[in-house]
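K.L.:
Quick one, structure for this:
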Amino acid sequence: MTTPPADAFAYLSVLISVVVGLGMSHLLSAAVDLIRERRVKPLYWPSVLWGVDLFLLLTLVWWSDFSLTGHRDWTFASFLLTLAVPACVYVACGLIFPHDANREATARDAYYANRRWMLGFVALGIALSFVQTLLLDGHITIDADSGLKALVLAVTVASIFSAAEWVQRGLALFNLAWSVYYVATLFATLDHHR
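P.N.:
Here you go, the predicted model:
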C-alpha cells in the first residue's frame, strides 16, 4: 500500500464527521425525549450537564481535527486512533440518557446504571488523544493543552470508583466548566496547533 496523498485528510475526515454527527444526533434526540417526558420522568441535572459536555466534546474533537489537515504521514494506525477518540465520546453519548428499550428508566436511573461505562469511555477517549498526539507528532508537548487534558482524565478516572451523589454532581459541574474553559482558552480560533 502507498502512503495517502497530502489531501488524504479531506477523505479521512468524512468518517470522523459521520461518527461526530451520529453522536450529536443521539444526544439531541435523547434531549428531545427527556423534554417531552419531563412531567412523567424528572430530569437529572448531572445527566443534562453531561449531555451538554458531551456535545461540546464532540464539537471540540471535530474542531481540533482541523489542525490535522496539513498532516501528510497518515497510516492506518494513526487514522484508527484519530477515529477512536470521537468513537469513545459517541459511546458515552449513547449511555448518558435512558434508551428507548428501557422506557421505564428515569434519567437518574440511566446515569447510575451506566455511569462507570460512560465515564470509562470519556476517560478512554482522553487517554487515546494523548496516544494519537504521540503517534502523529512523535511527542507529547507539556503545555496548557496536555495539562488540562491530564487533569480531567485524572478526575474522570477517580470518579469511576465513587458512586457518591456529591462526587457525581461535582464531576458533572467540573467537566462542563473544564470544557467551556478549554474551548475558550485553547480553541477560540482555528489557528490552534498541536
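
K.L.:
For the residue nearest the centre of the chain, which residues are in contact?
P.N.:
For the chain, the residue nearest the mean C-alpha position is residue 89 (3.6 Å; Cα atoms, centre = their mean). Residues near residue 89 by Cβ atoms under 8 Å, 6 or more residues apart in numbering: 23, 54, 57, 58, 61, 121, 122, 125. Where C-beta positions appear, they are placed from N, C-alpha and C, glycine not excepted.

K.L.:
give me that answer again for 7 Å
P.N.:
Shown in contact with residue 89 (Cβ atoms under 7 Å, 6 or more residues apart in numbering): 23, 54, 57, 58, 61, 125.

K.L.:
helix or strand right after the one helix or strand it maps to?
P.N.:
For residue 89, the host element (DSSP states H and E) is helix 76-96. Downstream of helix 76-96, the next assigned helix or strand under DSSP H and E is helix 107-137.

K.L.:
these two touch, right, residue 176 and residue 48?
P.N.:
No. Counting by Cβ atoms under 7 Å, residue 176 sits too far from residue 48 to count as a contact (9.7 Å).

K.L.:
Remind me what the strand or helix carrying residue 174 packs against, helices and strands.
P.N.:
Per DSSP H and E: residue 174 is located in helix 165-186. Packing partners of helix 165-186 (3 or more Cβ pairs under 7 Å, 6 or more residues apart in numbering; DSSP states H and E): helix 45-64, helix 144-160.
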